[in-house]
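K.L.:
Pasting the sequence and the predicted coordinates here, then a few questions.
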Amino acid sequence: MNAMETDAYHSLRHSAAHLMAQAVGDLFPGVKYAIGPPIEDGFYYDFEFPEPIKEEDLERIEARMRELSDAALPIERYELDRDRALAECRDAHQPYKVELINDLPDDEVLSFYRQGNWADLCRGPHVSSTADVRHFKLLSIAGAYWRGNEKNKMLTRIYGTAWNTAEELQAYLQRLEEAKKRDHRKIGRDLGLFVFAPEDVGPGIPLFLPRGEALRHTMESYVRETQTRYGYEHVWTAHLVREDLYRTSGHYDNYKDVMFPALVDEEANVSYRLKPMNCPSHMTLFNNSGLKSYRDLPMRMAEFATLYRYEKSGELTGLTRVRSLTQDDCHIFCTEDQVGEEFGLALRLIREVLGRYGFHNYRVRLSLRGEEPGGKYVADDEKWTRATEALRRALEENGVEYYEAAGEAAFYGPKADFQTKDVLGREWTASTIQVDFIQPARLGCRYIAADGSEQTPVVLHRAVTGSTERFLGLLIEHYAGAFPLWLAPVQVMVVPIADAQLPRAQEVAEALKQNGYRVEIDSRSERVGLKIREAEMQKLPYMVVIGKRDIENGVVSVRKRGEGDLGAMTLESFINRLDEERSA
RNA sequence: GCCGACGUGGCUCAGUGGUAGAGCAGCUCACUCGUAAUGAGCAGGUCCGCGGUUCGAAUCCGCGCGUCGGCUCCA
């Protein structure tokens, strides 16, 4: 039993999928059924419709589902032997079911579930009556490839949600609404952080406004300082690389679809590519920095590098999936027996950084090579085995809880991916640590071992936040735009009450700037109420109000975001308060 | 890339064949104000683009581009 099946809603949602399938069968004769499992918060079913359906059809389907629920049809399990099962599915013109049965192991018991005149091949379990499925709503139509393979036919998937009570359903729909308000694309626009200009600059290429840039800069400075403290060194390599290097590294064969088209220097007869990854550049740097001794290892080469990837148009989303991304990348050149220790170092670094952001909602995934024939993976079984064993051992030694996923590895090696979710529940990789036994050999990386022999180093690829853009998107949603003081793009807004207090406001702002704070003055001839309202909506951590009284008393009036007026205090004690909060 | 939906001023949205609308934002003027919206006035749109149907297209049809939700792929 997996986690899904122990879920209290598993049967309910599975039955909701069946109820929908039955309704669809009633309304669209000739429909072919694929699969329809329960999922987190709901369910879906994949169909092949005789004619494409429209979003409006969902209402009709939902109405029919209610009728079938009201009819309180008992849901009954029965078994068939293989031949009977195949015959029935063939007679019913259900080719997908026939395929499913044929792929089931010989000794598998073939169970069906019947409700009224409708039945489906299914392992179950289900609720006992269609009347038990009452609180549901169909949400959307999507395309989905049969068996998740883009070479197969695209089916029509209908998503829905189902709950035990009307209140739960209502709460869930409200949660979806709330999630939309936290969406980083909306907050990014409202807070003036970044924009997209798909028709001018290009789709998937974000442009950062001053406040967004301040955020990026703070994030990157923080990671940079932390990395330096952990013994990493920073390098810089250009955005453009000869295509030949990617032929050698294996990117050309395995990553070509994700690279932007070549830039051709016709005069010199050379093709260049915008770099989609840093590894070949860093390995080239390693190779050109003098012959290395084992004493030089580990060598930790970090870089904040903007990469360009030609993600397919339909894959782009806000900052979480872009075509220009800045990785906080690092390549650690080490000996095979240093892998465990270097993994541990990277892990501590990642944990410290994620902890600083209050980011704890992640799971570690051991991403392994899949079985795909013709594979996207570099063929070298022996090296894959060693890399995988080394990574698994490192995870175990460091006491990391993880789960495994086949087919998620990089083309050159297995990964430990730190998986997190955005506000709409989509899963993204942030941090990652990868073990590579393949590229260093291909690119001719060498060092001289203690016994005088030439050896190939192992390379650990590692990213802390993954990419600045994606992580910023996740952070915006995590904080709902209300960044902690140290991270906030504008930390204090100084608000003079009337024009007469402007000189003092400038003094105060200057003092704060001298102490390293990002400060602005709202010098408009507007009422305090308006200035406060706008600063609150912009989620600025602090507002300092300066009126006639404050000047007379030699104080400033402090207001904290979300908490309101904190009262008057001296500028000095305000700065002390800020200092304390900033370093907390 | 594939399936579906959508594209009207900076933002949110109304307008289904007959001269383009609202609120907010913006600008101007007045008010100089004590902790989440001061008032009045003004301006702003190739209705995503190109082609077609029509006496007439934001509205109907075709193609393209982009956005959104999925699928595939992924930091």
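P.N.:
Looks like it came in fine.
K.L.:
In this structure A:Phe286 contacts A:Leu297, no?
P.N.:
No: judged on C-beta atoms under 8 Å, A:Phe286 makes no contact with A:Leu297 at a distance of 10.2 Å. All C-beta atoms are positioned from the backbone trio N, CA, C, and that covers glycine.
K.L.:
So which of these two has more stuff around it?
P.N.:
Neighbour count, other C-beta atoms under 10 Å: between A:Phe286 and A:Leu297, A:Phe286 has more, with 24 against 19.
K.L.:
so what's that one up against?
P.N.:
By C-beta atoms under 8 Å, 6 or more residues apart in numbering, the residues touching A:Phe286 are A:Lys292, A:Met299, A:Met301, A:His331, A:Phe333, A:Cys445, A:Pro457.
K.L.:
give the contact list for the first one.
P.N.:
For A:Lys292, the residues meeting the contact criterion (C-beta under 8 Å, 6+ apart) are A:Phe286, A:Met299, A:Phe333, A:Arg446, A:Tyr447, A:Ile448, A:Pro457.
K.L.:
and it, bridged to which residues?
P.N.:
Note on A:Lys292: beta-bridge partners by DSSP bridges are A:Tyr447.
K.L.:
and the gap between it and A:His234?
P.N.:
To A:His234, A:Lys292 is 19 Å away according to C-beta to C-beta, to the nearest Å.
K.L.:
pLDDT at the residue in the stretch 301-450 of chain A positioned nearest to RNA strand B, what is it?
P.N.:
Distances between the stretch 301-450 of chain A and RNA strand B by C-beta to the nearest atom of the strand are smallest at A:Gly314, namely 2.2 Å. A:Gly314 is assigned a predicted lDDT (pLDDT) of 93.
K.L.:
Show me where the stretch 51-200 of chain A has its strands.
P.N.:
In the stretch 51-200 of chain A, the strands defined using DSSP state E, counting those that start in this stretch lie at A:75-80, A:110-115, A:118-121, A:135-145, A:154-163, A:194-196.
K.L.:
okay if I get these as a markdown table plus mean neighbour count, mean pLDDT and distance to A:Met493?
P.N.:
Shown next, in a markdown table, are the strands of the stretch 51-200 of chain A (neighbours: other C-beta atoms under 10 Å; pLDDT from 0 to 100; distance: least, C-beta to C-beta, whole Å):
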| stretch | mean neighbour count | mean pLDDT | distance to A:Met493 |
| --- | --- | --- | --- |
| strand A:75-80 | 14 | 94 | 61 |
| strand A:110-115 | 19 | 94 | 61 |
| strand A:118-121 | 20 | 94 | 60 |
| strand A:135-145 | 16 | 94 | 40 |
| strand A:154-163 | 21 | 96 | 41 |
| strand A:194-196 | 19 | 95 | 21 |
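K.L.:
how about a markdown table for those, with distance to RNA strand B added?
P.N.:
Compiled in a markdown table, those are given as follows (distance: least, C-beta to the nearest atom of the strand, whole Å):
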| stretch | distance to RNA strand B |
| --- | --- |
| strand A:75-80 | 27 |
| strand A:110-115 | 24 |
| strand A:118-121 | 21 |
| strand A:135-145 | 3 |
| strand A:154-163 | 4 |
| strand A:194-196 | 6 |
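K.L.:
Distance to A:Leu530 added to these, as JSON lines?
P.N.:
Formatted as JSON lines, the strands of the stretch 51-200 of chain A follow (distance: least, C-beta to C-beta, whole Å):
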{"stretch": "strand A:75-80", "distance to A:Leu530": "60"}
{"stretch": "strand A:110-115", "distance to A:Leu530": "60"}
{"stretch": "strand A:118-121", "distance to A:Leu530": "61"}
{"stretch": "strand A:135-145", "distance to A:Leu530": "40"}
{"stretch": "strand A:154-163", "distance to A:Leu530": "41"}
{"stretch": "strand A:194-196", "distance to A:Leu530": "25"}
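K.L.:
Pass me the low-pLDDT residue ranges in the stretch 251-400 of chain A, would you?
P.N.:
By pLDDT under 70, the low-scoring segments of the stretch 251-400 of chain A are A:372-375.
K.L.:
Next to RNA strand B in this structure, residues from it, please.
P.N.:
Counting by C-beta under 7 Å from any atom of the strand, the stretch 251-400 of chain A comes close to RNA strand B at A:258, A:309, A:311-318, A:320-323, A:325, A:327, A:376.
K.L.:
same question, the stretch 1-150 of chain A
P.N.:
The interface of the stretch 1-150 of chain A toward RNA strand B, taken as C-beta under 7 Å from any atom of the strand, is made up of A:Pro52, A:Lys54, A:Glu55, A:Ser140, A:Ile141, A:Ala142, A:Gly143, A:Ala144, A:Tyr145, A:Gly148, A:Asn149, A:Glu150.
K.L.:
how does it look with 10 Å?
P.N.:
A:39, A:44, A:46, A:49, A:51-58, A:139-150 (C-beta under 10 Å from any atom of the strand).
K.L.:
Go ahead and build a ChimeraX selection from the buried members of those.
P.N.:
Listed next is the ChimeraX selection for buried residues among those, using 16 or more other C-beta atoms under 10 Å:
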select /A:39,44,46,53,57,58,139,144,146,147
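K.L.:
of the residues of the stretch 251-400 of chain A next to RNA strand B, buried ones?
P.N.:
The neighbour-count test (16+ other C-beta under 10 Å) marks A:Arg309, A:Glu311, A:Leu316, A:Thr317, A:Gly318, A:Thr320, A:Arg321, A:Val322, A:Arg323, A:Leu325, A:Gln327 as buried among those.
K.L.:
wait, what's in contact with the fifth one?
P.N.:
The one in question is A:Gly318. Contacts of A:Gly318 by C-beta under 8 Å, 6+ apart are A:Asp183, A:His184, A:Arg185, A:Gly188, A:Gly473.
K.L.:
where's the residue nearest in space to the middle of chain A, which helix or strand?
P.N.:
With distances taken as C-alpha atoms, centre = their mean, the residue of chain A nearest its centroid is A:Trp428 (1.9 Å). Using DSSP states H and E, A:Trp428 falls within strand A:427-436.
K.L.:
got the contact list for A:Lys415?
P.N.:
A:Arg365, A:Leu366, A:Ser367, A:Leu391, A:Glu408, A:Ala409, A:Thr432, A:Ile433, A:Gln434, A:Val435, A:His461.
K.L.:
and if you look at A:Tyr145?
P.N.:
Residues in contact with A:Tyr145, defined by C-beta under 8 Å, 6+ apart, are A:Lys151, A:Asn152, A:Lys153, A:Met154, A:Leu155.
K.L.:
Spit out the contact partners of the nearest residue to the fourth one once chain neighbours are set aside.
P.N.:
Sequence neighbours aside, A:Gly143 is the residue nearest to A:Met154 in space, at 4.7 Å (criterion: C-beta to C-beta, 6 or more residues apart in numbering). Counting by C-beta under 8 Å, 6+ apart, A:Gly143 touches A:Met154, A:Leu155, A:Thr156, A:Arg157.
K.L.:
Kindly reformat these as a markdown table containing distance to A:Gln501.
P.N.:
Compiled in a markdown table, these are given as follows (distance: C-beta to C-beta, whole Å):
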| residue | distance to A:Gln501 |
| --- | --- |
| A:Met154 | 64 |
| A:Leu155 | 66 |
| A:Thr156 | 64 |
| A:Arg157 | 61 |
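K.L.:
and the residues of the stretch 251-400 of chain A next to RNA strand B, which of them are in helices?
P.N.:
Among these, no member falls in helices (DSSP state H).
K.L.:
Restricting to C-alpha, output the lengthiest helix in chain A in PDB.
P.N.:
Using DSSP H to define each element, chain A has its longest helix at helix A:210-229. Only the C-alpha atoms of helix A:210-229 are listed here, as PDB (Å, rounded to 0.1, in the frame of the first residue of the first chain):
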ATOM      1  CA  PRO A 210      14.700  48.000  -9.200                       C
ATOM      2  CA  ARG A 211      12.800  46.300  -6.300                       C
ATOM      3  CA  GLY A 212      13.100  42.900  -8.000                       C
ATOM      4  CA  GLU A 213      16.700  43.400  -8.700                       C
ATOM      5  CA  ALA A 214      17.300  44.400  -5.100                       C
ATOM      6  CA  LEU A 215      15.800  41.100  -4.100                       C
ATOM      7  CA  ARG A 216      17.900  39.100  -6.500                       C
ATOM      8  CA  HIS A 217      21.000  41.000  -5.400                       C
ATOM      9  CA  THR A 218      20.300  40.300  -1.700                       C
ATOM     10  CA  MET A 219      19.600  36.600  -2.400                       C
ATOM     11  CA  GLU A 220      22.700  36.100  -4.400                       C
ATOM     12  CA  SER A 221      24.900  38.100  -2.000                       C
ATOM     13  CA  TYR A 222      23.700  36.000   0.800                       C
ATOM     14  CA  VAL A 223      24.400  32.700  -0.900                       C
ATOM     15  CA  ARG A 224      27.800  34.000  -2.100                       C
ATOM     16  CA  GLU A 225      28.800  35.000   1.400                       C
ATOM     17  CA  THR A 226      27.600  31.700   2.800                       C
ATOM     18  CA  GLN A 227      29.500  29.700   0.100                       C
ATOM     19  CA  THR A 228      32.600  31.600   0.800                       C
ATOM     20  CA  ARG A 229      32.300  30.800   4.400                       C
END
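K.L.:
Nice, that's everything, thank you.
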